[in-house]
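Q: sequence and computational prediction follow.
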Amino acid sequence: MKLRQVTNHGLKRWRVDLSEGEAGQRVRKFFDTKDAAEDFARKSAQAVREHGRRFARYWQALSPLAQADTINQIERLSRLGYSLRAAADFIESSRKLLPSVPLEKAVADFMADKEGRGLRSRSFRKLRASLAMFRDCAGPKLPLRDVAETHVREFLSLNGWAAATRKT
């Protein structure tokens with residue numbers, strides 16, 4: 001962070017140059033007094049230190065595989081022209097557009113659709129039983145848009161199934 005006196009729109013002001021922002025743009029803040037600029041710079045530096053500590057604790061708690069995957073996904077987003085924040089914002093806003101029907105209705109509708117599709121009776125029964133068990137595990141009233149990967153992982157881990165069964 002740099003602090004310097006500048007002329008901004010014809011006025012003598014104090015400018016704090018922060019590090020690059022999320023999209024790589026320069027971030028500057030202007031203040032009428034040196035004290036206000038110094039106070040902002042001090043608070044910003046403290047926030048960066050605290051954020052760094054929080055990040056370090058979080059990062060160290062991840063397995064090496066999860067760390068590598070995180071870096072790969074951030075690089076992937078960057079190649080596509082997006083930031084991690086933009087991806088999270090998109091997911092959050094798109095979830096609001098998903099239907100909020102209860103899981104029990106979604107499962108019933110799905111099975112009604114599958115019934116006339118020529119599935120073998122044994123496959124149909126297994127699918128119906130598995131989805132009924134998942135519905136009951138996750139909660140029949142859970143809105144479909146709130147079903148997350150964690151629900152599926154929990155369901156698969158609770159039943160003591162072999163790996164091949166979980167994969168199916």
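A: Received, thanks. Keep in mind the model is a prediction, meaning the values are calculated, not measured.
Q: low-confidence ranges, the chain, go.
A: For the chain, the stretches with pLDDT under 70 are 19-25, 99.
Q: which residues in it form strands?
A: 2-8, 11-18, 27-31 (DSSP state E).
Q: direction included, what does the last one pair up with?
A: It refers to strand 27-31. strand 11-18 (antiparallel) (DSSP bridges).
Q: name the residues of the partner strand that come out as buried.
A: Applying a neighbour-count criterion of 16 or more other C-beta atoms under 10 Å, one finds 13-16, 18 buried in strand 11-18. For every residue, glycine as well, the C-beta is placed using N, CA and C.
Q: equivalent analysis for stretch 143-161, please.
A: Buried, per 16+ other C-beta under 10 Å, within stretch 143-161: 143-144, 147, 151, 155-156.
Q: which one among those gets closest to Arg125?
A: Nearest to Arg125 among the buried residues of stretch 143-161 is Phe155, at 18.4 Å by C-beta to C-beta.
Q: related to what we said a few turns ago, turn the strands of the chain into CSV, including distance to Lys105.
A: Below are the strands of the chain laid out as CSV (distance: least, C-beta to C-beta, whole Å):
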stretch, distance to Lys105
strand 2-8, 58
strand 11-18, 50
strand 27-31, 48
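Q: closest to His51 out of those?
A: Among these, strand 11-18 comes nearest to His51, with 12.8 Å by C-beta to C-beta.
Q: so what's the nearest residue to Lys2 once chain neighbours are set aside up against?
A: Computed as C-beta to C-beta, 6 or more residues apart in numbering, the closest residue to Lys2 that is not its neighbour in sequence is Asp17, at 4.3 Å. The contact partners of Asp17, by C-beta atoms under 8 Å, 6 or more residues apart in numbering, come to 1-4, 26-28.
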